[in-house]
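Novice: Need the 3D shape of this:
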Amino acid sequence: MMPDNAHDIKTAYQKICAEISAPPEAKLEATPEAKLEATSEAKPITLLAVSKQVAAAQVRVLLECGHRHFGENRVQEAVQKWTPLKADYPAIELHLIGALQSNKVKEAAALFDVIETLDRPRLAAALARLRDSGVALPRLFVQVNTGNEAQKAGVALNEAGAFIEQCRHDYGLTIEGLMCLPPYDTPPAPHFMQLATLAQAHNIAHLSMGMSGDYGIAIACGADIIRIGTALFGSR
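Specialist: The predicted model follows:
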(Lines give C-alpha, C1' and ligand atoms only; values in the text may rest on other atoms or scores of the structure.)
Protein backbone atom coordinates (compact mmCIF):
# COMPACT_ATOMS: atom_id res chain seq x y z
CA MET A 1 0.00 0.00 0.00
CA MET A 2 1.32 3.42 -0.98
CA PRO A 3 1.59 6.05 1.80
CA ASP A 4 -0.69 9.10 1.96
CA ASN A 5 2.10 11.42 0.81
CA ALA A 6 3.10 9.30 -2.21
CA HIS A 7 2.02 12.02 -4.64
CA ASP A 8 4.07 14.65 -2.79
CA ILE A 9 7.17 12.44 -2.87
CA LYS A 10 6.79 11.79 -6.60
CA THR A 11 6.26 15.48 -7.35
CA ALA A 12 9.29 16.52 -5.29
CA TYR A 13 11.41 13.83 -6.94
CA GLN A 14 10.46 14.95 -10.46
CA LYS A 15 11.16 18.58 -9.58
CA ILE A 16 14.63 17.85 -8.18
CA CYS A 17 15.52 15.57 -11.09
CA ALA A 18 14.57 18.36 -13.52
CA GLU A 19 16.67 20.88 -11.61
CA ILE A 20 19.81 18.78 -11.47
CA SER A 21 19.59 17.94 -15.17
CA ALA A 22 19.65 21.66 -16.09
CA PRO A 23 22.81 23.09 -17.71
CA PRO A 24 25.51 24.32 -15.29
CA GLU A 25 24.82 27.94 -16.33
CA ALA A 26 21.22 27.64 -15.11
CA LYS A 27 22.38 26.30 -11.76
CA LEU A 28 24.72 29.25 -11.32
CA GLU A 29 22.05 31.75 -12.27
CA ALA A 30 19.84 30.22 -9.62
CA THR A 31 22.59 30.57 -7.02
CA PRO A 32 24.39 33.86 -7.76
CA GLU A 33 25.77 34.01 -4.23
CA ALA A 34 28.16 31.22 -5.15
CA LYS A 35 29.94 33.55 -7.62
CA LEU A 36 31.49 30.60 -9.40
CA GLU A 37 32.09 29.77 -13.03
CA ALA A 38 30.62 26.61 -14.49
CA THR A 39 33.11 23.96 -15.47
CA SER A 40 33.47 23.34 -19.19
CA GLU A 41 32.41 19.72 -18.82
CA ALA A 42 29.44 19.04 -16.55
CA LYS A 43 29.59 15.85 -14.52
CA PRO A 44 26.61 13.48 -14.25
CA ILE A 45 24.84 14.09 -10.93
CA THR A 46 23.73 11.27 -8.65
CA LEU A 47 20.75 12.10 -6.47
CA LEU A 48 21.23 10.25 -3.19
CA ALA A 49 17.84 10.02 -1.50
CA VAL A 50 18.48 10.20 2.25
CA SER A 51 16.02 7.78 3.78
CA LYS A 52 17.01 7.83 7.44
CA GLN A 53 13.91 7.60 9.65
CA VAL A 54 11.79 7.17 6.52
CA ALA A 55 9.39 4.22 6.42
CA ALA A 56 9.94 1.51 3.84
CA ALA A 57 6.56 2.33 2.26
CA GLN A 58 7.76 5.86 1.47
CA VAL A 59 11.04 4.56 0.11
CA ARG A 60 9.11 2.25 -2.20
CA VAL A 61 7.51 5.30 -3.83
CA LEU A 62 10.91 6.30 -5.20
CA LEU A 63 11.83 2.72 -6.01
CA GLU A 64 8.68 2.46 -8.11
CA CYS A 65 9.78 5.65 -9.90
CA GLY A 66 12.98 3.84 -10.86
CA HIS A 67 15.28 5.55 -8.36
CA ARG A 68 18.06 3.34 -7.02
CA HIS A 69 20.52 5.50 -5.00
CA PHE A 70 19.85 5.94 -1.27
CA GLY A 71 21.69 7.07 1.85
CA GLU A 72 21.30 5.95 5.45
CA ASN A 73 22.88 7.19 8.68
CA ARG A 74 22.68 4.19 10.99
CA VAL A 75 23.80 0.66 10.26
CA GLN A 76 21.15 -1.08 12.36
CA GLU A 77 18.24 0.91 10.94
CA ALA A 78 19.54 0.27 7.44
CA VAL A 79 19.85 -3.49 8.01
CA GLN A 80 16.24 -3.74 9.14
CA LYS A 81 14.84 -1.57 6.35
CA TRP A 82 17.03 -2.43 3.39
CA THR A 83 17.60 -6.17 3.67
CA PRO A 84 14.09 -6.90 2.33
CA LEU A 85 14.12 -3.93 -0.06
CA LYS A 86 17.41 -5.05 -1.63
CA ALA A 87 15.91 -8.49 -2.12
CA ASP A 88 13.04 -6.93 -4.09
CA TYR A 89 15.18 -4.35 -5.93
CA PRO A 90 18.67 -5.85 -6.41
CA ALA A 91 20.05 -2.87 -8.37
CA ILE A 92 19.93 -0.54 -5.33
CA GLU A 93 23.12 1.35 -4.42
CA LEU A 94 23.15 2.11 -0.71
CA HIS A 95 25.49 4.68 0.87
CA LEU A 96 26.38 4.97 4.54
CA ILE A 97 26.48 8.70 5.27
CA GLY A 98 26.50 8.53 9.08
CA ALA A 99 29.37 7.85 11.45
CA LEU A 100 30.65 4.27 11.43
CA GLN A 101 31.96 2.58 14.56
CA SER A 102 34.92 0.28 14.02
CA ASN A 103 33.04 -2.67 15.54
CA LYS A 104 30.25 -2.26 12.93
CA VAL A 105 32.55 -2.49 9.92
CA LYS A 106 31.72 -6.07 8.98
CA GLU A 107 27.99 -5.49 9.25
CA ALA A 108 28.23 -2.28 7.22
CA ALA A 109 30.32 -3.91 4.51
CA ALA A 110 27.72 -6.65 4.09
CA LEU A 111 24.94 -4.17 3.31
CA PHE A 112 26.35 -0.90 1.96
CA ASP A 113 27.79 -0.33 -1.47
CA VAL A 114 29.54 2.91 -0.47
CA ILE A 115 30.86 4.11 2.90
CA GLU A 116 31.16 7.92 2.78
CA THR A 117 32.37 8.42 6.34
CA LEU A 118 35.91 7.08 6.59
CA ASP A 119 37.56 9.63 8.89
CA ARG A 120 40.20 8.10 11.19
CA PRO A 121 43.10 5.65 11.16
CA ARG A 122 41.37 3.17 13.50
CA LEU A 123 38.49 2.82 11.05
CA ALA A 124 40.88 2.54 8.12
CA ALA A 125 42.74 -0.24 9.94
CA ALA A 126 39.48 -2.09 10.64
CA LEU A 127 38.52 -1.89 6.96
CA ALA A 128 41.95 -3.12 5.91
CA ARG A 129 41.73 -6.09 8.27
CA LEU A 130 38.30 -6.97 6.90
CA ARG A 131 39.64 -6.84 3.34
CA ASP A 132 42.62 -8.98 4.30
CA SER A 133 40.21 -11.58 5.70
CA GLY A 134 38.77 -11.98 2.20
CA VAL A 135 35.76 -9.67 2.40
CA ALA A 136 35.13 -7.33 -0.53
CA LEU A 137 34.96 -3.76 0.74
CA PRO A 138 32.40 -1.15 -0.29
CA ARG A 139 33.63 1.87 -2.20
CA LEU A 140 35.22 4.33 0.22
CA PHE A 141 34.92 8.10 0.63
CA VAL A 142 36.75 10.19 3.20
CA GLN A 143 34.59 12.54 5.27
CA VAL A 144 36.20 15.94 5.75
CA ASN A 145 35.20 18.30 8.56
CA THR A 146 35.66 21.47 6.50
CA GLY A 147 34.47 23.70 9.34
CA ASN A 148 36.65 21.98 11.95
CA GLU A 149 33.56 21.66 14.17
CA ALA A 150 34.23 19.73 17.38
CA GLN A 151 30.75 18.20 17.45
CA LYS A 152 30.96 16.76 13.93
CA ALA A 153 32.66 13.69 12.57
CA GLY A 154 35.19 13.94 9.78
CA VAL A 155 38.92 14.40 9.51
CA ALA A 156 40.06 18.01 9.98
CA LEU A 157 40.60 19.88 6.75
CA ASN A 158 44.28 20.57 7.47
CA GLU A 159 44.86 16.86 8.14
CA ALA A 160 42.75 15.46 5.31
CA GLY A 161 45.47 15.29 2.67
CA ALA A 162 47.81 13.33 4.92
CA PHE A 163 44.98 11.02 5.96
CA ILE A 164 44.02 10.27 2.35
CA GLU A 165 47.60 9.28 1.58
CA GLN A 166 47.81 7.25 4.81
CA CYS A 167 44.72 5.31 3.76
CA ARG A 168 46.26 4.60 0.38
CA HIS A 169 49.84 3.82 1.32
CA ASP A 170 49.65 2.44 4.88
CA TYR A 171 46.37 0.54 4.59
CA GLY A 172 46.14 -0.09 0.85
CA LEU A 173 42.63 1.37 0.62
CA THR A 174 41.20 2.88 -2.54
CA ILE A 175 39.67 6.29 -1.87
CA GLU A 176 37.11 7.11 -4.55
CA GLY A 177 35.47 10.22 -3.12
CA LEU A 178 35.25 12.94 -0.50
CA MET A 179 32.24 14.02 1.55
CA CYS A 180 31.54 17.08 3.67
CA LEU A 181 28.79 18.71 5.72
CA PRO A 182 29.45 22.47 6.03
CA PRO A 183 28.48 24.40 9.17
CA TYR A 184 24.82 25.39 9.23
CA ASP A 185 25.50 29.05 9.97
CA THR A 186 28.02 29.91 7.24
CA PRO A 187 27.82 30.16 3.42
CA PRO A 188 28.47 26.67 2.04
CA ALA A 189 30.26 27.60 -1.19
CA PRO A 190 33.73 28.13 0.35
CA HIS A 191 33.50 24.74 2.06
CA PHE A 192 32.45 23.03 -1.16
CA MET A 193 35.30 24.67 -3.04
CA GLN A 194 37.81 23.58 -0.39
CA LEU A 195 36.63 20.01 -0.82
CA ALA A 196 36.84 20.26 -4.61
CA THR A 197 40.38 21.62 -4.36
CA LEU A 198 41.38 18.79 -2.03
CA ALA A 199 39.91 16.21 -4.41
CA GLN A 200 41.82 17.67 -7.34
CA ALA A 201 45.08 17.71 -5.40
CA HIS A 202 44.75 14.01 -4.58
CA ASN A 203 43.21 12.82 -7.84
CA ILE A 204 39.86 11.87 -6.31
CA ALA A 205 36.92 11.55 -8.69
CA HIS A 206 33.77 11.94 -6.61
CA LEU A 207 32.43 14.74 -4.41
CA SER A 208 29.44 14.09 -2.13
CA MET A 209 28.26 17.49 -0.99
CA GLY A 210 25.06 19.52 -0.91
CA MET A 211 21.74 18.78 0.75
CA SER A 212 18.16 19.98 0.45
CA GLY A 213 18.93 23.65 1.04
CA ASP A 214 22.15 24.08 -0.93
CA TYR A 215 22.48 21.39 -3.58
CA GLY A 216 22.42 23.93 -6.42
CA ILE A 217 25.49 25.64 -4.99
CA ALA A 218 27.17 22.26 -4.43
CA ILE A 219 26.64 21.24 -8.04
CA ALA A 220 28.08 24.57 -9.20
CA CYS A 221 31.13 23.83 -7.04
CA GLY A 222 31.68 20.40 -8.59
CA ALA A 223 29.51 17.95 -6.64
CA ASP A 224 28.51 14.82 -8.49
CA ILE A 225 26.59 13.31 -5.53
CA ILE A 226 23.98 15.35 -3.68
CA ARG A 227 22.29 14.07 -0.52
CA ILE A 228 18.60 15.02 -0.42
CA GLY A 229 16.25 14.03 2.39
CA THR A 230 13.81 16.70 3.59
CA ALA A 231 13.13 18.11 0.11
CA LEU A 232 12.01 14.61 -0.98
CA PHE A 233 10.33 13.08 2.05
CA GLY A 234 9.44 16.13 4.16
CA SER A 235 10.37 16.74 7.77
CA ARG A 236 10.89 13.72 9.99
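Novice: quick one: the helices in this protein?
Specialist: For the chain, helices defined by DSSP state H occupy the ranges 6-20, 24-30, 56-64, 75-88, 105-111, 121-132, 157-169, 189-201, 215-220, 230-233.
Novice: Which positions in the fifth one come out as buried?
Specialist: If I follow you right, that is helix 105-111. Residues of helix 105-111 classed as buried by neighbour count (16 or more other Cβ atoms under 10 Å): 105, 108-109, 111. In short, each C-beta sits where N, CA and C put it, glycine included.
Novice: And the longest one, by the same measure?
Specialist: Buried residues in helix 6-20, defined by neighbour count with 16+ other Cβ under 10 Å: 6, 9-10, 12-13, 16, 19-20.
Novice: re earlier: which two of the buried residues of helix 105-111 have the greatest separation?
Specialist: For the buried residues of helix 105-111, the maximum inter-member distance is 11.4 Å, found between V105 and L111 (Cβ to Cβ).
Novice: Mean pLDDT per helix and strand in the protein: which one sits at the bottom?
Specialist: helix 24-30 (a mean of 53; mean pLDDT, DSSP states H and E).
Novice: returning to what we had before: could you export the helices of the chain as TSV, including distance to P138?
Specialist: Converted to TSV, these look like this (distance: least, Cβ to Cβ, whole Å):
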stretch	distance to P138
helix 6-20	24
helix 24-30	29
helix 56-64	20
helix 75-88	12
helix 105-111	6
helix 121-132	9
helix 157-169	14
helix 189-201	19
helix 215-220	22
helix 230-233	23
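Novice: right, so these: which one is the most enclosed?
Specialist: helix 215-220 (a mean of 26; mean count of other Cβ atoms under 10 Å).
Novice: Would you mind checking the average pLDDT for it?
Specialist: For helix 215-220, mean pLDDT is 93.
Novice: now for that helix, which elements pack on it?
Specialist: helix 6-20, helix 24-30, helix 189-201, strand 225-228 (3 or more Cβ pairs under 8 Å, 6 or more residues apart in numbering; DSSP states H and E).
Novice: Mind doing that once more with 10 Å?
Specialist: helix 6-20, helix 24-30, helix 189-201, strand 206-208, strand 225-228 (3 or more Cβ pairs under 10 Å, 6 or more residues apart in numbering; DSSP states H and E).
Novice: just for the protein, where's the confidence low?
Specialist: For the chain, the stretches flagged by pLDDT under 70 are 1, 23-42.
Novice: Pick out the residue closest to the middle of it.
Specialist: Centroid check for the chain by Cα atoms, centre = their mean gives S208 as the closest residue, at 4.6 Å.
Novice: which residues touch that residue?
Specialist: Taking Cβ atoms under 10 Å, 6 or more residues apart in numbering, we find S208 in contact with 46, 48, 71, 95, 97, 114, 116-117, 141, 143, 177-181, 195, 218, 223-227.
Novice: What of V135?
Specialist: Applying Cβ under 10 Å, 6+ apart, the residues near V135 are 105-106, 109-110, 127, 129.
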